[in-house]
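Novice: Generate a structure from the sequence data that follows.
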Amino acid sequence: MHCKCSKAGGPQIMDSPRVARPINRTLKPVESTPLIGETPDSALDSWLTPNSVFYIRNHFDSPAISDLQDTDWTIHVEGAIENPADISFSDLSKFPKRTLAVTLECAGNNRTDLTPKVPGNQFESGAVSTAVWAGVSLSQVISSFKIDTDAVELLFEGADSGKPEPEENTQHFQRSLPMAVATHPDTMLAFEMNGEPIGVAHGGPLRLIVPGWYGMASVKWLQKITVLNTPYEGYFQTHKYMFRSEENYERPVSVMRVKSLITSPSSGTNLKEFPHSIGGFAWSGNAEIDTVEVSTDGGSTWNPANFVGPSDKYSWRQWTFPWTNPNKGHYTLISRAKDKMGNLQPKESSWNELGYEVNGTKPICVNVL
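Specialist: Okay, here's the model as predicted:
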């Protein structure tokens, strides 16, 4: 087994885990145009991810808008409704404010783990982050419109635009959701991130947040909602973000698969002092995490880890495992998670041609001196 060595980190439980702490770190760059960056390994040590190192996955360049909350920002609502209209920030203030801790993961996170290699942004483990989002429930906003009874989806459009492929026309980033998901009370029009107005880098001033789904569903710079009577078949709905296997099987990418990662120690670490705390995170879009198990012998035996920190419906769980008195030698550490619907993290990820939903267990190799 090839182990990639990196500097060891360490799990930290802050006194106030719901408050993002100041951090002197920057995103790990993946692409510069458009901007794409991962949360650095050294920042994967607290339940809440500071805004400055929250991962970024843009499809086009960020639109030229101010970082300030602009009261002139509006969302146009149209389509299969009797009363198309614009919704302003002042209109949103009339609805009850919601606050949710939500973990977002890029559908291509850990793409580099797949063999053979697949195209796309070559993410390692850092395209996942957690923030406390505040805004209003989309269902309450949409209920103020007279929607056709045969409506099947809502289509969301961001202010960003470009050509996804050289042969494609210039277009905005657009994604749709089934009505049942779009009108779920926890699907949110968010305007705050970790207690601050959402900055342009993360989709502000207004971003759709879809708890439990991979990050592509949480459309940034939201400027238009269209009510549809037929399913949307645009580029980012049916060409990208499709799970396509070698057996010609195809389905849309939607809910995050159950997954866990060891964030401390890092691969290649030399350990001398024991007991040593192995730490990491686990999450699932289908249900809350039920258990995390850790193996220190490459998967031959497993023992339960302990949860620490907050337990929120849509956020990851932080966990630790006390490793005591091992003999000197080389060890392979592995974690695996199970959610409350019984979904167990697999040993191997399912290879697919676009590299989505990579959730196989990820071994960490260390030396005990």
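Novice: For the rest of this, base every contact and every neighbour count on C-alpha atoms.
Specialist: Noted.
Novice: what does the model give residue 11 for pLDDT?
Specialist: The model reports residue 11 with a pLDDT of 36.
Novice: make that residue 246, sorry
Specialist: 80.
Novice: ok, and the closest non-adjacent residue to it?
Specialist: Nearest residue to residue 246 in three dimensions, chain neighbours excluded: residue 352, at 6.8 Å (CA to CA, 6 or more residues apart in numbering).
Novice: low-confidence ranges in the stretch 101-250 of the chain?
Specialist: Of all residues in the stretch 101-250 of the chain, none has pLDDT under 70.
Novice: which residues of it fall in strands?
Specialist: Remark: strands assigned in the stretch 101-250 of the chain by DSSP state E, counting those that start in this stretch are 128-137, 153-162, 171-178, 188-193, 196-197, 207-209, 222-228, 242-244, 250-252.
Novice: ok, the second one: who's next to it in the sheet?
Specialist: On the basis of DSSP bridges, the sheet neighbours of strand 153-162 come out as strand 171-178 (antiparallel), strand 222-228 (antiparallel).
Novice: Can you pull the domain assignment for the chain?
Specialist: When the chain is parsed with automatic domain parsing, its domains come out as 28-240, 259-368.
Novice: could I get those domains as a markdown table with distance to residue 253 and mean neighbour count?
Specialist: Formatted as a markdown table, the domains of the chain follow (distance: least, CA to CA, whole Å; neighbours: other CA atoms under 10 Å):
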| stretch | distance to residue 253 | mean neighbour count |
| --- | --- | --- |
| domain 28-240 | 8 | 19 |
| domain 259-368 | 8 | 20 |
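Novice: can I get those domains in a markdown table with distance to residue 246?
Specialist: Formatted as a markdown table, these follow (distance: least, CA to CA, whole Å):
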| stretch | distance to residue 246 |
| --- | --- |
| domain 28-240 | 12 |
| domain 259-368 | 7 |
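Novice: Could I get the contacting residues of residue 123?
Specialist: By CA atoms under 8 Å, 6 or more residues apart in numbering, residue 123 lies in contact with 30, 38, 108, 109, 110, 111, 112.
Novice: For it, give its distance to residue 41.
Specialist: 12 Å (CA to CA, to the nearest Å).
Novice: next one: residue 146
Specialist: Taken as CA to CA, the span from residue 146 to residue 41 is 47 Å.
Novice: How about residue 137?
Specialist: From residue 137 to residue 41 the distance is 33 Å (CA to CA).
Novice: Repeat that for residue 206.
Specialist: For residue 206 relative to residue 41 (CA to CA), the value is 28 Å.
Novice: ok so, going back, and which of the contacts of residue 123 is nearest to residue 61?
Specialist: Lowest distance from residue 61 to these (CA to CA) belongs to residue 30, with 14.3 Å.
Novice: Which helix or strand contains that closest one?
Specialist: Per DSSP states H and E, residue 30 falls inside strand 28-31.
Novice: Show the contacting residues for residue 151.
Specialist: 80, 179, 227, 228, 229, 230.
Novice: Need the max-distance pair from those.
Specialist: Maximum distance among the contacts of residue 151 (CA to CA): 12.6 Å, for 80 and 179.
Novice: Would you map the helices across the stretch 1-150 of the chain?
Specialist: Remark: helices assigned in the stretch 1-150 of the chain by DSSP state H, counting those that start in this stretch are 89-92, 138-142.
Novice: May I have the last one exported as CSV, CA atoms only?
Specialist: Which is helix 138-142. The C-alpha trace of helix 138-142 is given here as CSV (Å, rounded to 0.1, in the frame of the first residue of the first chain):
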residue,chain,number,x,y,z
LEU,A,138,-37.8,28.3,0.7
SER,A,139,-41.1,26.5,1.2
GLN,A,140,-42.6,29.6,3.0
VAL,A,141,-41.4,31.9,0.3
ILE,A,142,-42.7,29.7,-2.6
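Novice: other SSEs contacting that helix?
Specialist: Here helix 138-142 touches no other helix or strand, going by 3 or more CA pairs under 8 Å, 6 or more residues apart in numbering; DSSP states H and E.
Novice: now what about it, what contacts it?
Specialist: 92, 95, 182, 183, 184, 185, 186, 187, 188, 189.
Novice: TSV for those residues, including distance to residue 59?
Specialist: Output for the contacts of helix 138-142, formatted as TSV (distance: CA to CA, whole Å):
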residue	distance to residue 59
92	27
95	31
182	22
183	25
184	26
185	27
186	25
187	22
188	21
189	20
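Novice: which one among the residues you listed gets closest to residue 308?
Specialist: residue 186 (24.6 Å).
Novice: how close does the closest one get to residue 266?
Specialist: In terms of CA to CA, residue 186 sits 35 Å off from residue 266.
Novice: can you check residue 127 too?
Specialist: Distance from residue 127 to residue 266, by CA to CA: 17 Å.
Novice: so what's the nearest residue to residue 99 once chain neighbours are set aside up against?
Specialist: Among residues not flanking residue 99 along the chain, residue 134 sits closest, at 4.3 Å (CA to CA, 6+ apart). With contact set as CA under 8 Å, 6+ apart, residue 134 has these partners: 97, 98, 99, 100, 190, 191, 192, 193, 195.
Novice: Go ahead and confirm the fifth one touches residue 136.
Specialist: What it means is residue 190. Yes: with contacts defined as CA atoms under 8 Å, residue 190 counts as touching residue 136 at a distance of 6.5 Å.
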